[in-house]
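J.: This is a predicted model, with the sequence first.
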Amino acid sequence: MELSLETEAIADRTLLRVGGEIDVYTAPSLRERLVELADGGARHIVVDLEMVEFLDSTGLGVLVGGLKRARASDGTFVLVCDQPRLLKIFRITGLERVFELYPSVADALAGAR
């Protein structure tokens with residue numbers, strides 16, 4: 001399965017819609033896009049995982065890296081996810097306490113600090 005990445009600017013936030021599988025093979029593409037966004041001045045990033053079908057530990061590592069990069073520049077990095085199978089991964093790993101998780105893009109745009 002391929003990884004799809006679509007970026008959209010919404011006010012002062014950058015929405016990154018991710019689709020497909022985030023695994024050891026596709027995670028480098030996601031990492032590259034997140035670095036490009038940060039280097040391009042995006043400080044408030046919303047990552048929409050609604051179309052993600054699979055997420056492994058490599059993908060989690062990329063998301064944690066994006067969060068660290070955002071925090072280092074006094075930005076925000078929030079995730080949109082309401083899929084039970086992905087939420088279970090965040091819960092099992094304890095990352096639900098690390099990330100701001102929102103059930104929809106609208107909620108994330110309204111609630112992201």
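T.: The structure has been received and is ready for your questions. What you see is a predicted model; the values in this text were computed from it and never measured.

J.: what secondary structure does the nearest residue to Val80 once chain neighbours are set aside sit in?
T.: Of all residues beyond its chain neighbours, the one nearest Val80 is Asp48 (4.4 Å), with distances taken as C-beta to C-beta, 6 or more residues apart in numbering. Glycine gets a C-beta too; all of them are placed from N, C-alpha and C. In the three-state summary, Asp48 is assigned as strand, counting by DSSP: H, G, I helix; E, B strand; the rest coil.

J.: before we move on, what about the one 5 residues further on?
T.: For Glu53, the secondary structure call by three-state DSSP comes out as strand.

J.: does the residue nearest to Val80 really touch Leu16, like I thought?
T.: Yes. Contact criterion C-beta atoms under 8 Å: Asp48 and Leu16 qualify, at 6.8 Å.

J.: one step back: which residues does the residue nearest to Val80 bridge with?
T.: Each beta-bridge partner of Asp48 is listed here: Arg17, Val80, as defined by DSSP bridges.

J.: Equivalent analysis for the one 4 residues further on, please.
T.: For Val52, the residues forming beta bridges with it (DSSP bridges) are Gly20.

J.: Now tell me which helix or strand of the protein has the poorest mean pLDDT.
T.: Lowest on mean pLDDT, DSSP states H and E among the helices and strands of the chain sits helix 105-111, with a mean of 93.

J.: next one: it to chain centre, how far?
T.: 13 Å (C-alpha atoms, centre = their mean, to the nearest Å).

J.: One more: stretch 19-27?
T.: A distance of 12 Å separates the C-alpha centroid of stretch 19-27 from that of its chain, computed with C-alpha atoms, centre = their mean.

J.: which other residues reach it?
T.: Surrounding stretch 19-27, the residues in contact under the criterion C-beta atoms under 8 Å, 6 or more residues apart in numbering are 1-6, 30, 51-56, 58-59, 61-62.

J.: Pairing partners for the nearest residue to Ala108 once chain neighbours are set aside in the sheet, please.
T.: Nearest non-adjacent residue to Ala108, counting by C-beta to C-beta, 6+ apart: Tyr102, 3.9 Å away. Beta-bridge partners for Tyr102, by DSSP bridges, are Val80.
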